[in-house]
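Asks: The sequence and its predicted three-dimensional model are supplied below.
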Amino acid sequence: MDISKFIKTYKEESLIEQLKHLKFDKKEDECVVTLIDSSGHEIVKGYGKIAIEALNDLHSALL
């Protein structure tokens, strides 16, 4: 699926709200993305200067 079509499909809601098992935080000059399981436990975290870097870091940790 073309990402521009995806973004237009969900334009009324924030894309971040669609990511149900990810928690986004900002700590000082760093973004943190945390993968949360269905029980609410934190599984793994990713870090970066911006949210997408933190998400990519989390993804790399899973691979």
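Replies: Yes, it's here.
Asks: which residue packs closest to residue 58, ignoring adjacent ones?
Replies: residue 46 (2.7 Å; Cβ to Cβ, 6 or more residues apart in numbering). Every C-beta, even on glycine, is put in place using the N, C-alpha and C of the backbone.
Asks: For that neighbour, name its beta-bridge partners.
Replies: residue 33 (DSSP bridges).
Asks: Show the contacting residues for the closest residue in space to residue 22 that isn't next to it in sequence.
Replies: Closest residue in space to residue 22, ignoring its immediate chain neighbours: residue 33 at 5.7 Å, by Cβ to Cβ, 6+ apart. Neighbouring residues of residue 33 by Cβ atoms under 8 Å, 6 or more residues apart in numbering: 22, 23, 24, 25, 45, 46, 48, 51, 54, 55, 57, 58.
Asks: Just the buried ones among the residues you listed, please.
Replies: The neighbour count (16 or more other Cβ atoms under 10 Å) marks 22, 46, 48, 51, 54, 55, 57, 58 as buried among these.
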